[in-house]
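1. Show me the folded form of this:
(one chain, ligands or ions: 1)
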Amino acid sequence: MTPLHLSILVAMAKNRVIGRNNRLPWHLPADLKHFKFLTMGQTIVMGRKTYESIGKPLPGRANVIITRQADYEVPGAMVVHSLEDALLICEETSNSHSENFIIGGEKLYRQALKICQRMYITEIQRDFDGDVFFPEFDRSEWEETQRDKHIAENEGGLEYHFVVLQRKSSTV
Ligand SMILES: NC(=O)c1ccc[n+]([C@@H]2O[C@H](COP(=O)([O-])OP(=O)(O)OC[C@H]3O[C@@H](n4cnc5c(N)ncnc54)[C@H](OP(=O)(O)O)[C@@H]3O)[C@@H](O)[C@H]2O)c1
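-> Residues are numbered from 1 along each chain as shown. Below is the predicted model of the structure:
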């Protein structure tokens, strides 16, 4: 069987904030473009609140939404009731070129952090006010394989870095 390529994709502020009032606290078009580039043609897995914050299934990607609500339905997306079921869908749809992305929010990241092999983190170099956070993790278990530094034209010249971390023990 093809090994499952499972990656976290997140944008987080310096103080680990990832959201406020079920929205992103910043407006960074280049990060949205980066998100689209990485996920196009792949499977994206998200919590129900993140789905509702986006508001519609994202085109060109297999959308998997996790909820405990038995009657939750979204045309154009697959709804499951556990992370395990989401991973089964990823396995069924994967080939050797596939990458499966956990795209949030905090509750999903907490569960996926233990099992993913890679993290794409947009590190925003400023604190933001928020009510959801990316969990703390042991950086020594991860190798930084990429860091691209950028300055936004909006948001007062906000500096952000596209960072890729690979789990040191990972073979995929
Ligand atoms: N900065 C970023 O990169 C980024 C990315 C994504 C989201 N966000 C932000 O994160 C916030 C949302 O995060 P959140 O932690 O509040 O919510 P979330 O993780 O998006 O969704 C939580 C919901 O997912 C369902 N769920 C989670 N784990 C489950 C499991 N194991 N089994 C069954 N259902 C499960 C539950 O839905 P039910 O309540 O329906 O049962 C739960 O209430 C928003 O502010 C959003 O803007 C930021």
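2. Can you name every helix or strand that the helix or strand of the chain with the lowest mean pLDDT contacts?
-> Among the helical and strand segments of the chain, the one scoring lowest on mean pLDDT, DSSP states H and E is helix 83-93, with a mean of 95. Applying 3 or more Cβ pairs under 8 Å, 6 or more residues apart in numbering; DSSP states H and E, one finds that helix 83-93 makes contact with strand 43-47, strand 62-66, strand 78-80, helix 106-112. The C-beta positions use only the backbone N, C-alpha and C, and glycine is treated the same way.
3. I'd like the ones you listed laid out as CSV, including mean neighbour count and distance to the ligand.
-> Shown next, in CSV, are the helices and strands packed on helix 83-93 (neighbours: other Cβ atoms under 10 Å; distance: least, Cβ to the nearest ligand atom, whole Å):
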stretch, mean neighbour count, distance to the ligand
strand 43-47, 24, 2
strand 62-66, 23, 4
strand 78-80, 18, 8
helix 106-112, 19, 3
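4. Turn the ones you listed into TSV, including mean pLDDT.
-> Compiled in TSV, those are given as follows (pLDDT from 0 to 100):
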stretch	mean pLDDT
strand 43-47	97
strand 62-66	97
strand 78-80	98
helix 106-112	98
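5. tell me which residues in the least confident helix or strand of the chain are buried?
-> 83, 86-87, 89-91 (16 or more other Cβ atoms under 10 Å).
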